[in-house]
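Chemist: structure of the sequence below:
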Amino acid sequence: MKEQLERYAAVINRRLGELMGAYNEENAGAQLICPEAMRYSLSAGGKRIRPVLCLEFAHIFGAEEKALDAACALEMIHTFSLIHDDLPCMDNDDFRRGKPSCHKQFDEAQALLAGDALENYAFEVIASDDKLSFEQRVKLIKCLSRNVGVMGMIGGQVIDVKNEGSRLDGESLLKMYSMKTSALIKCACEMGVICAGRDDMLPVAEEYGECLGLAFQIVDDILDVTSDEATLGKPIGSDAENCKNTYVSLLGLEEAQRIAAELTDKAIDALKVFGDEAEFLISLSEKLLSRNK
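Modeler: Now for the predicted structure:
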């Protein structure tokens, strides 16, 4: 699994570099600082989990190459969300992945614009992908925009910000996590299936991605309490400091760990239809549950 992850990361990083190469001093001279900020945040590292999921679901059906640009578009969307999350009006974090946040490396205005530009470029990349049919491109754009918007990632962030300092019940917290985190992870799995032309497998991708995304966010909650700044590459304890609703604050550390493990098992169970082809996804799910950053 480690070798496959490294291969996927190398392929994704290379293609992201090629796509960002569309912006250079010659054609973006006066506004070049924006692509520089975009590149800075895109190249900051990270696990590339969302594009990896997109590629792997397509790979199961022999369509990995067709999914590469869609996978890169997902990473652009994820990076835009991280840039905006770190802004003073949101989480006000000075570090991301061990480096100064985009608004600290550049400034707040340029970080805001870089995030906006990454969001827009993601849809341009999908719309321009001639490896896919027009119908597939429209399906991908619809899937991505739905899961990023008010009923997905952005909506989840709205609920999060609105409820800082107040206590959500378990059901409301689960809904917030489903929108804020699971939506884009689920979308990644669905986009891989769409690229492969296997829409009949969308329910499987949706079930797996939803459960994996919830487990992923709960593990994030746990790490904010149990890890350290050097390992995470960002300040720890920020959830409590910002009065954030988390599974740890609501249910305690032990119960949060139990629920994350239960959701991971449920995600893995959804993959039974793939038989031996699910080996990588199963290993990845287990790795994400036991990660330390």
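Chemist: after the worst-scoring helix or strand of the chain on mean pLDDT comes which helix or strand?
Modeler: Scoring the helices and strands of the chain by mean pLDDT, DSSP states H and E places helix 238-241 at the bottom, with a mean of 58. Using DSSP states H and E, the next helix or strand after helix 238-241 towards the C-terminus is helix 247-251.
Chemist: which helices and strands sit right next to that next one?
Modeler: Helix 247-251 sits against helix 170-177, helix 202-226, helix 238-241, helix 253-269, with contacts defined as 3 or more C-beta pairs under 8 Å, 6 or more residues apart in numbering; DSSP states H and E. Where you see a C-beta, it was placed from the backbone N, CA and C, and this is true even at glycine.
Chemist: possible to save those as TSV with distance to Ala188 and mean neighbour count?
Modeler: Supplementary listing: the helices and strands packed on helix 247-251 in TSV, determined by distance: least, C-beta to C-beta, whole Å; neighbours: other C-beta atoms under 10 Å:
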stretch	distance to Ala188	mean neighbour count
helix 170-177	16	17
helix 202-226	7	22
helix 238-241	24	14
helix 253-269	13	17
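Chemist: confidence-wise, which of those is weakest overall?
Modeler: Mean pLDDT values for these show the minimum at helix 238-241, a mean of 58.
Chemist: list the buried residues for stretch 81-100?
Modeler: Residues of stretch 81-100 classed as buried by neighbour count (16 or more other C-beta atoms under 10 Å): 81-87, 91, 93, 96-97, 99.
Chemist: what about that stretch, distance to the chain center?
Modeler: 15 Å (C-alpha atoms, centre = their mean, to the nearest Å).
Chemist: mind checking the end-to-end distance for that stretch?
Modeler: 16 Å (C-alpha to C-alpha, to the nearest Å).
Chemist: what's the answer for stretch 195-207, then?
Modeler: End to end - C-alpha to C-alpha - stretch 195-207 spans 18 Å.
Chemist: got any ranges where the stretch 101-250 of the chain has weak pLDDT?
Modeler: Residue ranges of the stretch 101-250 of the chain with pLDDT under 70: 228-243.
Chemist: repeat that with 80
Modeler: 227-244 (pLDDT under 80).
Chemist: for Phe95, give me phi and psi.
Modeler: phi -130, psi 150 (degrees, to the nearest 10).
Chemist: before we move on, the earlier item: so which of the helices and strands packed on helix 247-251 gets nearest Ala127?
Modeler: Using C-beta to C-beta as the measure, helix 202-226 is the one of these that comes nearest Ala127, at 20.9 Å.
Chemist: now the closest one, how far from the centre of its chain.
Modeler: The answer for helix 202-226 is 11 Å, by C-alpha atoms, centre = their mean.
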